[in-house]
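Q: have a look at this fold, sequence not included:
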């Protein structure tokens, strides 16, 4: 293995930049995290019965699911899929966490997800995603999933997955629990898009991943235009139909690109990629992000005001 200081001045610059990036991460969470995500997650953790039930349920299902993975997927190691392993290792170094376990599963769906517990998490990458994405785009995706691990999202992320595929004895929990978890998870996705961007260091590549997920056709990728795609988001900001996003686990893709672009203007990100010391504070980034991803805009009707108030309360920290 080459020394990380190898390659003369350029090698040393990369080494220093890597150390700067690592300083923004750590096993206990990260400075880049979206404050609304952190506030809601902390509120869940303070509900001890909920925390205990979530942990117990996930631990029961995790072992079964992991055994299925070992029998039906292929584990990424230094000897097996070394290019993917190298990406996972780079992401771990950037975020200053342990190298995550990654598995490749045979699926035509362009997707990746994280499953398990906060102490034993693993990332599942669909084969179609590997085929459709280049190295920088894969780095964004794996960095995003590693962000879930770093920010201790995995327990509740897994509970949400289980609720969506729940056995009948869990279905009575679904309406209240799933809506609450999805409200949090939309904010958690913003945090992890930031993690992915820090890992790949390329806003254009990160944006392409969303376009490719939205399109799904290799033949049409070259004809995609990010700005044109974002324009269509404005068409969905008005009218009752926008409320359907309240029942989604992810912010709609145009919103995620816009929110990620705002983070790209932050002092934290610009320092991480060596682009200067200036930029938005994280508080400014979060304020702008809130306006982008919120579902109910202000002062349309009394009902809209009430819905907006409820959404703001979700984003506020709990004493």
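A: Yep, that arrived. Fair warning: this is a prediction, and the values are worked out from it, not measured in the lab. Numbers count the residues shown, from 1 in each chain.

Q: I figured residue 94 hits residue 198, correct?
A: Yes - with contact taken as Cβ atoms under 8 Å, residue 94 and residue 198 are classed as touching, separated by 5.9 Å. Heads up, the C-betas are built off the backbone N, CA and C, glycines and all.

Q: which residues touch residue 211?
A: For residue 211, the contact set (Cβ atoms under 8 Å, 6 or more residues apart in numbering) comprises 221, 224, 226, 229.

Q: doesn't the first one fall inside a helix?
A: The reference is to residue 221. Yes - the assignment for residue 221 by DSSP: H, G, I helix; E, B strand; the rest coil puts it in a helix.

Q: residues near it, how many?
A: For residue 221, the count of nearby residues is 13 (other Cβ atoms under 10 Å).

Q: what confidence value was assigned to it?
A: Model confidence at residue 221, expressed as pLDDT, equals 85.

Q: quick one: it from residue 196, how far?
A: 19 Å (Cβ to Cβ, to the nearest Å).

Q: also residue 149?
A: 13 Å.

Q: for the most centrally placed residue in the chain, helix, strand, or coil?
A: To find the centre residue of the chain, average its C-alpha atoms and take the closest one (Cα atoms, centre = their mean): that gives residue 192, at 2.9 Å. Counting by three-state DSSP, the backbone at residue 192 sits in helix.

Q: mind checking how far it is from residue 148?
A: Computed as Cβ to Cβ, the residue 192 to residue 148 distance reads 5 Å.

Q: what ranges does this protein have for its strands?
A: Counting by DSSP state E, residue ranges of the strands within the chain are 74-75, 101-105, 112-116, 121-126.

Q: out of the ones you listed, which gets nearest to residue 40?
A: Evaluated over those, closeness to residue 40 peaks at strand 112-116, with 17.8 Å, by Cβ to Cβ.

Q: how far is that closest one from where the chain is centred?
A: 11 Å (Cα atoms, centre = their mean, to the nearest Å).

Q: sheet partners, orientation included, of it?
A: Applying DSSP bridges, strand 112-116 is found paired with strand 121-126 (antiparallel).

Q: now the strand it pairs with: mean pLDDT?
A: Here the average pLDDT along strand 121-126 is 96.

Q: and that strand with strand 101-105, angle?
A: Computed with axes from the mean of the first three to the mean of the last three Cα atoms, to 10 degrees, the direction of strand 121-126 lies at 30 degrees from that of strand 101-105.

Q: point out where the stretch 1-150 of the chain drops to low pLDDT.
A: Applying pLDDT under 70 to the predicted model, the residue ranges of the stretch 1-150 of the chain that meet it are 1-29, 48-53.

Q: just the helices in it please.
A: Secondary structure of the stretch 1-150 of the chain by DSSP state H, counting those that start in this stretch: the helices cover 8-22, 35-46, 48-72, 82-95, 127-132, 135-150.

Q: so for residue 251, which of those sits nearest?
A: Evaluated over these, closeness to residue 251 peaks at helix 35-46, with 11.5 Å, by Cβ to Cβ.

Q: for that closest one, packing partners?
A: Where contact means 3 or more Cβ pairs under 8 Å, 6 or more residues apart in numbering; DSSP states H and E, helix 35-46 is packed against helix 48-72, helix 174-200, helix 282-293, helix 302-315.

Q: got the contact list for the third one?
A: Okay, so that is helix 282-293. By Cβ under 8 Å, 6+ apart, the list of residues contacting helix 282-293 from outside reads 31-32, 34-36, 186-187, 190, 251, 255, 258-259, 262-263, 265-266, 268, 280, 315.

Q: how about that helix: buried residues?
A: 282, 285, 286, 288, 289, 290, 292, 293 (16 or more other Cβ atoms under 10 Å).

Q: how far off helix 35-46 does that helix point, in degrees?
A: Relative orientation of helix 282-293 versus helix 35-46 (the same axes, to 10 degrees): 90 degrees.

Q: report the distance from helix 282-293 to the chain centre.
A: The gap between where helix 282-293 is centred and where its chain is centred comes out at 16 Å by Cα atoms, centre = their mean.

Q: could you give me the average pLDDT of that helix?
A: Per-residue pLDDT values over helix 282-293 give a mean of 95.

Q: now that helix against helix 174-200, angle please.
A: For helix 282-293 against helix 174-200, the angle between stretch directions is 130 degrees (the same axes, to 10 degrees).

Q: picking that back up, quick check: which of the strands of the chain is buried the most?
A: With neighbours defined as mean count of other Cβ atoms under 10 Å, the strands of the chain peak in mean count at strand 121-126, which reaches a mean of 22.
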